[in-house]
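>>> sequence first, then the predicted structure, then my questions.
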Amino acid sequence: MKFVIQRVLEASVSVDSEVIGQIDKGYMVLIGVGQNDTKEIADKMVKKMVGLRIFEDENGKTNLSLSDVNGQMLLISQFTLYANCKKGNRPSFIESGAPDMAEEMYEYIIAKCKESVPVVEKGSFGADMKVSLVNDGPFTIVLDSEQLFS
């Protein structure tokens, strides 16, 4: 499982020119689900993400978590995070989770985030989405379950 977490001042996602999810200060997260991902891995990833201290305190140090700043989340499914570009110039996506399993995991992650974050918005799984954001910093963190928990 891979999460690309961007600290944002604001973010939104649109489908067919209609905004379906929008947040103010918080995280815009691209979520990639791999073939071997489980709910146990998702639980660990969500716990790690929610606990990250990447917001600045009064001294300019990154000591504050999402809850400390009343941050919001926008969660976007992104199977292309599992692109394999080793051979040729056309990426392969065989390492991505099957669509049914990946969508179930995505919805599970959304539900887990809602347990600890008051405002959680989402994209539309499998849709052609347009994502807009103002990255604050810029500050971007990549969490990869294979690197964190293997």
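Happy to help now that I have it.
>>> make it CA atoms for all contacts and neighbour counts henceforth
Fine.
>>> run a quick neighbour tally on Gln147.
Neighbours of Gln147 under the rule other Cα atoms under 10 Å: 9.
>>> next one: Val33
If you count neighbours by other Cα under 10 Å, Val33 ends up with 28.
>>> and it, how far is that from Val8?
According to Cα to Cα, to the nearest Å, Val33 and Val8 sit 22 Å apart.
>>> same thing with Asp136?
Applying Cα to Cα to Asp136 and Val8 gives a distance of 5 Å.
>>> the more surrounded of these two?
Neighbour count, other Cα under 10 Å: between Asp136 and Val8, Val8 has more, with 25 against 16.
>>> the more buried one looks like it's in a strand, true?
Yes - Val8: assigned to a strand according to DSSP: H, G, I helix; E, B strand; the rest coil.
>>> give the contact list for the closest residue to it other than its chain neighbours.
Excluding its sequence neighbours, the residue lying closest to Val8 (Cα to Cα, 6 or more residues apart in numbering) is Asn135, at 4.4 Å. By Cα atoms under 8 Å, 6 or more residues apart in numbering, the contact set of Asn135 is Gln6, Arg7, Val8, Leu9, Glu10.
>>> adding distance to Cys85 and pLDDT, write the residues you listed out as TSV.
Shown next, in TSV, are the contacts of Asn135 (distance: Cα to Cα, whole Å; pLDDT from 0 to 100):
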residue	distance to Cys85	pLDDT
Gln6	23	98
Arg7	27	98
Val8	29	98
Leu9	32	98
Glu10	31	98
